[in-house]
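Student: Whatever this is, show me its structure:
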Amino acid sequence: MSVGGRRVRDEEATLWQHVARDVTPIPKRVERPAGDEASEEPAAPPKQARKPRKAAVPAKPAPRRQPSPPPLPALDPTAPAGLDKRTARRLRRGQLPVEARLDLHGKTEAQAHEALRRFIGESRMAGRRCVQVITGKGSVASGEGGVLRRMAPRWLNEPALRRHIVAISNPPESGGGAGALNVLLKSRKPAAPDRGP
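Tutor: You can find the predicted model right below:
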C-alpha cells in the first residue's frame, strides 16, 4: 500500500485500520442539476443523537439608575449666592451670630482638612446655623496669603462638605476679614416624631 508516493509500512496500515473501524463515514452529497429539487432525498439522520441546547436564559435588564442631582453651585466667600438679600447682607456684614469657631492656626494642611471636615459634620449634627473657620491671613509678602486660607474654600466645596453648606463669606475686618470664613449651614431636618405602639 502506498500513500502520496511512499510505501506505507505494515504497522502504519494496522494502526490506520484500528482507528478507521470506529469512524462513521459522512454521507456523500450528490450534486444535482438546478431545478431538480423534487428528486432530492432527505439526508440521513445522524447516527448519534445530539444533546439538546439549553434554552437561553433571558438577560436581566440593567437596573435603572436614578439621575444624579445637578452639582451645587460653587461657594465663593466674596459673593455668597443662593440666599435672600437680607440674609446675604447679614452674612457679609458678620451680623449672624457665630455659634462655634474652628481655629486652624498651627495645623498642617492634612490636619486642617480633617479638622474642618469633622467640625462641619459635628456643627450640622448639633443644629448650628452659622460657624466660623479661622484660617489666618498667611504671609502678606507672598501676595497669595497662606495655604490654609487658599485651601479652606476648596475643601468646603468638596461634595462631602458642600452638601451641608448654604453659603460662605469673609466677615468684616473686625471679625477676622480675609483670615476667616463665616459658614452658613443648612437647617437640620427635624427628627420624625416617635409614634409609639
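Student: Looks to me like Trp16 is in a strand.
Tutor: No. Going by DSSP: H, G, I helix; E, B strand; the rest coil, the assignment for Trp16 is helix, not a strand.
Student: need the contact list for it.
Tutor: Contacts for Trp16 were tallied using Cβ atoms under 8 Å, 6 or more residues apart in numbering; they are Val8. Where you see a C-beta, it was placed from the backbone N, CA and C, and this is true even at glycine.
Student: and His105, what does it touch?
Tutor: 134, 136.
Student: The same query, at a cut-off of 10 Å, please.
Tutor: The neighbours of His105, taking Cβ atoms under 10 Å, 6 or more residues apart in numbering as the test, are 112, 134-136, 146, 148, 179.
Student: pLDDT-wise, what's the bottom of the residues you listed?
Tutor: When the contacts of His105 are sorted by pLDDT, the bottom entry is Gly146 at 83.
Student: what's the neighbour count on that residue?
Tutor: When neighbours are counted by other Cβ atoms under 10 Å, Gly146 registers 18.
Student: And for Ala152?
Tutor: Residues near Ala152, counting by other Cβ under 10 Å, number 24.
Student: Please name every helix or strand in contact with whichever strand or helix holds it.
Tutor: Counting by DSSP states H and E, the element that carries Ala152 is helix 147-156. Secondary-structure packing of helix 147-156 (3 or more Cβ pairs under 10 Å, 6 or more residues apart in numbering; DSSP states H and E): helix 109-125, strand 130-134, helix 159-162, strand 165-169, strand 180-185.
Student: orientation of it relative to helix 109-125 in degrees?
Tutor: 50 degrees (axes from the mean of the first three to the mean of the last three Cα atoms, to 10 degrees).
Student: buried set for helix 147-156?
Tutor: Residues 148-149, 151-153, 155-156 are the ones in helix 147-156 that count as buried (16 or more other Cβ atoms under 10 Å).
Student: what sits up against that helix?
Tutor: Contacts for helix 147-156 (Cβ under 10 Å, 6+ apart): 74-78, 102, 104-109, 111-114, 116-117, 120, 133-139, 144, 146, 161-162, 164-165, 168, 170, 178-181, 183.
Student: Let's see the pLDDT reported for Pro25.
Tutor: 71.
Student: and what of the one 5 residues further on?
Tutor: Per-residue pLDDT puts Val30 at 62.
Student: ok, now Val183?
Tutor: 94.
Student: In a strand, Lys28, correct?
Tutor: No. Judged by three-state DSSP, Lys28 forms no part of a strand; its state is coil.
Student: Tell me who's in contact with it.
Tutor: Taking Cβ under 10 Å, 6+ apart as the definition, Lys28 has no contacts.
Student: Need the contacts of His105 in TSV (columns: distance to Glu11).
Tutor: Below are those laid out as TSV (distance: Cβ to Cβ, whole Å):
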residue	distance to Glu11
Ala112	87
Ile134	97
Thr135	93
Gly136	96
Gly146	93
Leu148	90
Gly179	99
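Student: For His18, state which of those is nearest.
Tutor: Ala112 (84.3 Å; Cβ to Cβ).
Student: For the nearest residue to that closest one once chain neighbours are set aside, which residues are in contact?
Tutor: Nearest residue to Ala112, sequence neighbours excluded (Cβ to Cβ, 6 or more residues apart in numbering): Leu104, at 4.4 Å. Counting by Cβ under 10 Å, 6+ apart, Leu104 touches 111-113, 115-116, 119, 133-136, 146, 148-149, 151-152, 180.
Student: Good, wrapping up.
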